[in-house]
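J.: Sequence and computational prediction follow.
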Amino acid sequence: MIAARSGGGTSQVLAVVVVVVGWHARVANTAEVQDVASYNNRGTAWLENGDYDRAIAAFDEAIRCNPNDARAYYNRGLARGYKKAYEKAIQDLTRAIDLDPKDACAYCNRGLVSGYAQQYDRAIEDFTRAISLDPKYVNAYFCRGWARARKKDYDRAIADYTQAISLDPKCVRAYFSRAWTWAEKKEYNRAIADYDRVICLDPNLALAYCNRGIAKACKKDYDKAIADYTQAIGLNPADGYMYNKRGEAWMEIESATEKKQMKKSLPDFAQAIRYGPNDARAYYNFGMACLYEREYDRAIANFTRAISLNPNDYAAYYRRGIALIMKGTYDAATTDLLAAIKLDRANRMNERAAAYAEKGDFEKARKCETKAIEALGKETENRDFLFRLELYKQNKPYYPETN
């Protein structure tokens, strides 16, 4: 993960990247009533130390002393945002805006909270308002780009990141997020160029090397991808995700050889599991490497663990079924292969429903999601499918969790 700090903030979890931009509370000035200033400053200290409950209590007292103190509402809104009490945070930030309607930072942070709550249209409106109040507000452009990227409005997201960069040519997170967005558009050369710039600005940022490696792997340039993953691991040797990506690149190379020996990918997947014991993808990859090595019991154990972590992974059922066939356990293999077929069909319907919801056709989204649930059957884990259906009933699109 990448963690950058700046005034205003957002959290971006877009497939391979997490960008976190923190909020900074404001300190009351000496011209204010002493009690209000004291509570505000005390709350700010608690907020910066991550003790959000004590911070909120201090801001409560500031508001009790002066119900019209915009700073106290603003700061309490930040603390509530950190606690993921999004609606209460929005209420506080709205009150701060009512008291100080020209405060671009308050609009930006209200937009952030709305974004965390996956209300991206509402967030974009606030970021746009912040920009209208302060056309050189770098973070507002960055945050609006983030919200647009979350909506898969990649061209507008790139335009916002580019504007942020034009205002601040050393804005690492804007280059980083633009690189991710280029990769989503499959424009890997542009993504690599932006990651090059990120690394130039911050040569110790492990995830930049990792993500550049992913872009190179997408171009099937596995040797250069491995070099980047190795650099990332050197900077962050306890990150299982990076071992997993390097293992995938090694597996691409090794599986193309005549003997298909997984001498380099297997150790990486073992490290991926060591540092990421709940990463279903790492177990799946480990299982695949074992399957290539004809270590069927070991492959089955890893696929089983992958399924326990991600019960709707049809590929894990399919591959476990293959391993069971190789062991001559045909009844169990048949069960797994049938489960894989059922899950594949359900997942396709699930994806179709999400696409309809993004376009605003919630009636079709509900129908597709219902068919997906029916395809799964009662005996199969379907909490994620039911969650999505409930969103579509509320006329809300589905977006993956951001943190």
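T.: That came in fine, so what should we check first?

J.: Which residues outside stretch 123-136 are in contact with it?
T.: Under the contact criterion C-beta atoms under 8 Å, 6 or more residues apart in numbering, stretch 123-136 has outside partners 102-105, 107-108, 110-112, 114-115, 137, 140-141, 143-144, 147-148, 167. Quick note: C-beta positions are derived from backbone N, CA and C, even for glycine.

J.: Just the helices from the stretch 51-200 of the chain, written as ranges.
T.: In the stretch 51-200 of the chain, helices defined by DSSP state H, counting those that start in this stretch lie at 52-65, 70-82, 86-99, 104-116, 120-133, 138-150, 154-167, 172-184, 188-201, listed in chain order.

J.: whoops, I mixed them up, the stretch 201-350 of the chain
T.: Listed in chain order (using DSSP H, counting those that start in this stretch), the helices of the stretch 201-350 of the chain are 206-218, 222-235, 240-255, 265-275, 280-292, 296-309, 314-326, 330-358.

J.: buried sites along the second one?
T.: Which is helix 222-235. Residues of helix 222-235 classed as buried under the neighbour-count rule (16 or more other C-beta atoms under 10 Å) are 222, 224, 225, 226, 227, 228, 229, 231, 232, 233, 235.

J.: wait, doesn't the second one sit right on residue 218?
T.: No. Look at residue 224 against residue 218 with C-beta atoms under 8 Å: they stay out of range, at 11.6 Å.

J.: hang on, the earlier thing: can you say which of the helices of the stretch 51-200 of the chain is nearest to residue 273?
T.: Nearest to residue 273 among the helices of the stretch 51-200 of the chain is helix 172-184 (25.6 Å), distances taken as C-beta to C-beta.

J.: Give me the angle between that closest one and helix 188-201.
T.: Following axes from the mean of the first three to the mean of the last three C-alpha atoms, to 10 degrees, one obtains 160 degrees for the angle between helix 172-184 and helix 188-201.

J.: Can you name every helix or strand that helix 172-184 contacts?
T.: Applying 3 or more C-beta pairs under 8 Å, 6 or more residues apart in numbering; DSSP states H and E, we find helix 172-184 packed against strand 2-4, strand 11-14, strand 17-21, helix 138-150, helix 154-167, helix 188-201, helix 206-218.

J.: Which two among the buried residues of helix 222-235 are spaced furthest apart?
T.: Maximum pairwise distance among the buried residues of helix 222-235 (C-beta to C-beta): 20.4 Å, between 222 and 235.

J.: mind putting the helices and strands packed on helix 172-184 in TSV, mean pLDDT included?
T.: Listed next are these as TSV, based on pLDDT from 0 to 100:
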stretch	mean pLDDT
strand 2-4	23
strand 11-14	25
strand 17-21	34
helix 138-150	97
helix 154-167	98
helix 188-201	98
helix 206-218	97
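
J.: Out of those, which is the most enclosed?
T.: Greatest average neighbour count among the helices and strands packed on helix 172-184 goes to helix 138-150 (a mean of 27), per mean count of other C-beta atoms under 10 Å.

J.: Export that helix to PDB, keeping only CA atoms.
T.: In PDB, the C-alpha atoms belonging to helix 138-150 read as follows (Å, rounded to 0.1, in the frame of the first residue of the first chain):
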ATOM      1  CA  VAL A 138      -4.600  20.700  -6.100                       C
ATOM      2  CA  ASN A 139      -6.200  18.200  -3.800                       C
ATOM      3  CA  ALA A 140      -9.700  19.000  -5.000                       C
ATOM      4  CA  TYR A 141      -8.700  18.000  -8.500                       C
ATOM      5  CA  PHE A 142      -7.000  14.900  -7.300                       C
ATOM      6  CA  CYS A 143     -10.000  13.800  -5.200                       C
ATOM      7  CA  ARG A 144     -12.400  14.500  -8.000                       C
ATOM      8  CA  GLY A 145     -10.200  12.300 -10.200                       C
ATOM      9  CA  TRP A 146     -10.300   9.600  -7.600                       C
ATOM     10  CA  ALA A 147     -14.100   9.700  -7.500                       C
ATOM     11  CA  ARG A 148     -14.400   9.700 -11.300                       C
ATOM     12  CA  ALA A 149     -12.000   6.700 -11.400                       C
ATOM     13  CA  ARG A 150     -14.200   4.900  -8.900                       C
END
